[in-house]
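Asker: no FASTA, just this:
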């Protein structure tokens, strides 16, 4: 059974990677692969907890999907109200390299405050307002994925895996920030320097004004209210989670409800024709549904690898074969470029106990860095990458050729910096 599951996953992965040459939508492949894997698991598995495992998978998948829908809808509402003009009107640079530097730094720190998924959605939506050439936007999207994952790795609320380690007691906020920050900076700076060199001398080509946006019947006050309220909702989600201990999707849906109420009150005196494209209902119709479906398929497929213990067996094999802890964690980070980092980290947390390695030990901080940034190496290796892939229709092969090598060099450089820093400090 295990071999069959691995073969199905590899084939589905290859078809997703070759989406454009094969002209098969990646969402269809992900759903078909997930369905086939769960069918094989249900028929051949001797597990007596299939219903519980499927329910657990459904809960975990639904939480991420609901969060994604809420965040994407808020971004669409801001866009419909021309809210991003609050930022774009203040960006005066005409050089692509300067803009890339600004975007990379903002994404890096914003990801630590929000999370890498939400930050990617916001920043890529912003780039659509600033850059007309698709080729330029693709390079910026690649840098946004790297910066978002690097920024999320050193913050306890910046990435799902760091949050897992924080909640599990493996890391503490102050130590993860001081311990991993420098490595994360190196992870960003190395590929950014290379990309700045590639974009040298190129100028920013702004897109033509969107006809729908230019006709939007919104005042400056309405635009500012929606922009700052929407951004405030996104920023408040980590705080909501910390105070209530409710999952992030509850915070984002709660915030979306507040934004919906405010938007309806702002436009209640307008006729239907004036406010039609400003409503939340219209925003919901504009979010990228195929990308959300693709996300569902990928999460369901990877869940079978987790429940069938394939990922845990891989971790145990690494422990017995490799032996060196630093090399094992680096390999786990590389593996997170292929499969989701959440089950990999969960398997690692199950392998190594807090009695064996207390909070803030080398393994936990290094795992937060490697699992958080290793996903940047492939476009479907992280939630940020999957979101970028859907929003900008990024081809897997294009990312592999243009971005993966830069992300890999940044990943290795940051890992070496962390190891050296840890040895000096301890």
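Answerer: Arrived safely, thanks for sending. Small disclaimer: the values here were computed from a predicted structure and weren't measured.
Asker: helices or strands up against the longest helix seen in the chain?
Answerer: Longest among the helix segments of the chain by residue count, using DSSP state H, is helix 50-80. Judged by 3 or more CB pairs under 8 Å, 6 or more residues apart in numbering; DSSP states H and E, helix 50-80 is in contact with helix 26-44, helix 116-130, helix 220-244, helix 248-266, helix 280-286, helix 289-307. From N, CA and C alone the C-beta is placed, and that goes for glycine too.
Asker: Flag every buried residue along the last one.
Answerer: Yep, that's helix 289-307 we're talking about. 291-307 (16 or more other CB atoms under 10 Å).
Asker: same deal with stretch 316-328?
Answerer: Buried, per 16+ other CB under 10 Å, within stretch 316-328: 318, 325, 326, 328.
Asker: hang on, the third one packs against residue 367?
Answerer: Just to be clear, that refers to residue 326. No. Under the criterion of CB atoms under 8 Å, residue 326 is not in contact with residue 367, lying 10.6 Å apart.
Asker: per-residue pLDDT, residue 250?
Answerer: Residue 250 carries a pLDDT value of 91.
Asker: contacting residues around it?
Answerer: 240, 244 (CB atoms under 8 Å, 6 or more residues apart in numbering).
Asker: quick one: it from residue 62, how far?
Answerer: 12 Å (CB to CB, to the nearest Å).
Asker: Residue 201 too?
Answerer: 47 Å.
Asker: again with residue 236
Answerer: In terms of CB to CB, residue 236 sits 22 Å off from residue 62.
Asker: any idea how far the closest residue to residue 169 other than its chain neighbours is from residue 170?
Answerer: In space, residue 169 comes closest to residue 359 once its chain neighbours are excluded; the distance is 5.7 Å by CB to CB, 6 or more residues apart in numbering. Separation of residue 359 from residue 170 (CB to CB): 6 Å.
Asker: which of the two has more neighbours?
Answerer: More crowded of residue 359 and residue 170, by other CB atoms under 10 Å: residue 170, with 25 against 15.
Asker: Give me the secondary structure label for that one.
Answerer: coil (DSSP: H, G, I helix; E, B strand; the rest coil).
Asker: pLDDT at residue 372, what is it?
Answerer: 90.
Asker: Quick one: list the elements packing against the one helix or strand it maps to.
Answerer: Assigned by DSSP states H and E, residue 372 belongs to helix 362-374. Helix 362-374 sits against helix 134-153, helix 160-167, helix 173-198, helix 325-335, helix 341-351, helix 404-425, with contacts defined as 3+ CB pairs under 8 Å, 6+ apart.
Asker: ok, back up a step: tell me which of the helices and strands packed on helix 50-80 is the most buried.
Answerer: helix 116-130 (a mean of 25; mean count of other CB atoms under 10 Å).
Asker: between that one and helix 50-80, how many degrees?
Answerer: 30 degrees (axes from the mean of the first three to the mean of the last three CA atoms, to 10 degrees).
Asker: please begin residue numbering at 289 from this point
Answerer: I'll keep to 289 as the first residue from here, and by that count the last item is helix 404-418.
Asker: mind checking how far helix 404-418 is from the chain centre?
Answerer: On the basis of CA atoms, centre = their mean, to the nearest Å, helix 404-418 sits 11 Å off its chain's mean C-alpha point.
Asker: between it and helix 650-662, how big is the angle?
Answerer: 30 degrees.
Asker: Next, the angle from helix 404-418 to helix 508-532.
Answerer: Using the same axes, to 10 degrees: helix 404-418 against helix 508-532 is 170 degrees.
Asker: Excluding covalently adjacent residues, which one is nearest to residue 658?
Answerer: residue 621 (2.9 Å).
Asker: what's the answer for residue 665, then?
Answerer: residue 625 (3.8 Å).
Asker: And residue 327, how close does it get to residue 592?
Answerer: 10 Å.
Asker: Kindly report the same for residue 372.
Answerer: Applying CB to CB to residue 372 and residue 592 gives a distance of 40 Å.
Asker: which residues does the closest residue to residue 360 other than its chain neighbours contact?
Answerer: Residue nearest to residue 360 in three dimensions, not counting chain neighbours: residue 575, with 4.3 Å by CB to CB, 6+ apart. Residue 575 makes contact with 357, 360, 361, 364, according to CB under 8 Å, 6+ apart.
Asker: Let's see if you can find the most crowded of those residues.
Answerer: residue 360 (25 neighbours).
Asker: show me the contacts for that residue.
Answerer: Residue 360 neighbours (CB under 8 Å, 6+ apart): 409, 575, 576, 580.
Asker: My guess is the first one contacts residue 678. True?
Answerer: No. Counting by CB under 8 Å, residue 409 does not reach residue 678; the two are 9.6 Å apart.
Asker: on that earlier part again, and the two most separated of the buried residues of stretch 604-616?
Answerer: Distances among these were taken as CB to CB; the most separated pair is 606 and 614, at 12.0 Å.
Asker: about what we covered before: tell me the secondary structure at the residue nearest to residue 457.
Answerer: Under three-state DSSP, residue 647 comes out as coil.
Asker: Quick check: phi and psi at it.
Answerer: Backbone torsions of residue 647, given as degrees, to the nearest 10, read phi -50, psi 140.
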